[in-house]
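> Predicted coordinates and the sequence they were generated for:
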Amino acid sequence: MAFPPRIAVASHNPHKLREIARICAGWPVEWVTVRDDPQRFPEVEETGDTYLENASLKARAVAAALDLPALADDSGIEVDALGGAPGPRSARYAGEHATDEQNLKQLLRALKGVPAGGRTARYRCVAVLATPDGDRIHAEAECEGALIGTPRGTAGFGYDPAFVPAGWDVTMAELSDEQKDRISHRGRALRALAELMERDP
Ligand code: IMP
């Protein structure tokens, strides 16, 4: 699939919308977001068990509703000491309508007493581009790191204040936007998706 002329972004999350806009700023496309046309963007329930299923549900629902190719990202954090949880349930870890702060607190509570060496984790992102006629491409990427017990930093969102990316001694929430996008699961997945489209002009 080559770059389509217009893409709808299948997300209501303002943090994700901002990051996707930054990371994909060089794509040769016109963007449509929920801010342009709030009535027509469906709220999609994430009923899948995997990132790919959920990203596909979101992209396909928005592609059908707007009759436009749609881009979705499903992502989460996988904590080794918790057997890979919360994973695709990261947005709902502390409950169905939990805030980022509640989810972060819940995760830090779950890791209380786990020593520094056992706090490894990774962010994972699956990015999907789906067309109204049922075509789909996707790319997946991760960002390895570890969780600290006391959050630091105000940038980013979600679990960023407790996540120290591998090779850094600051949290994701202490990085600049440019630094986060360069190493993040989302940056890597979206650049891989762009490469698929560049190879298929
Ligand atoms: P989704 O909307 O189901 O993909 O939920 C993604 C959830 O994963 C977010 O609500 C955050 O809790 C977490 N998450 C994903 N990406 C990031 C990130 O870049 N930083 C911090 N948390 C993230």
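On my side now, so go ahead.
> Leaving out sequence neighbours, find the closest residue to the residue of the chain found nearest the ligand.
Going by C-beta to the nearest ligand atom, the ligand is nearest to G158 of the chain, at 2.3 Å. (Each C-beta comes from the backbone N, C-alpha and C, glycine too.) Excluding the flanking residues, the one nearest G158 by C-beta to C-beta, 6 or more residues apart in numbering is D100, at 5.0 Å.
> Enumerate the residues of the chain near the ligand.
13, 46, 74-77, 90-91, 100, 103, 123, 156-160, 184, 186 (C-beta under 6 Å from any ligand atom).
> now, which of these lie within strands?
The strands, defined by DSSP state E, take in 74-77, 123 from these.
> give me the number of residues near A155?
For A155, the neighbour count with other C-beta atoms under 10 Å is 15.
> Isn't S56 up against L129?
No - using C-beta atoms under 8 Å, S56 is not in contact with L129; the gap is 10.2 Å.
> ok, back up a step: okay, and which of the residues of the chain next to the ligand map to helices?
In this view, those that belong to helices under DSSP state H are 100, 103, 186.
> Can you tell me which residue is spatially central in this protein?
S75 (3.9 Å; C-alpha atoms, centre = their mean).
> just to revisit the earlier point, quick one: which of the ones in strands among the residues of the chain next to the ligand has the most company?
Among these, D74 has the most neighbours (other C-beta under 10 Å), with 30 neighbours.
> any idea how far V79 is from the residue in the chain sticking out farthest from the centre?
Most distant residue from the mean C-alpha position of the chain: G113, 28.3 Å away (C-alpha atoms, centre = their mean). Applying C-beta to C-beta, to the nearest Å, the value for G113 to V79 is 14 Å.
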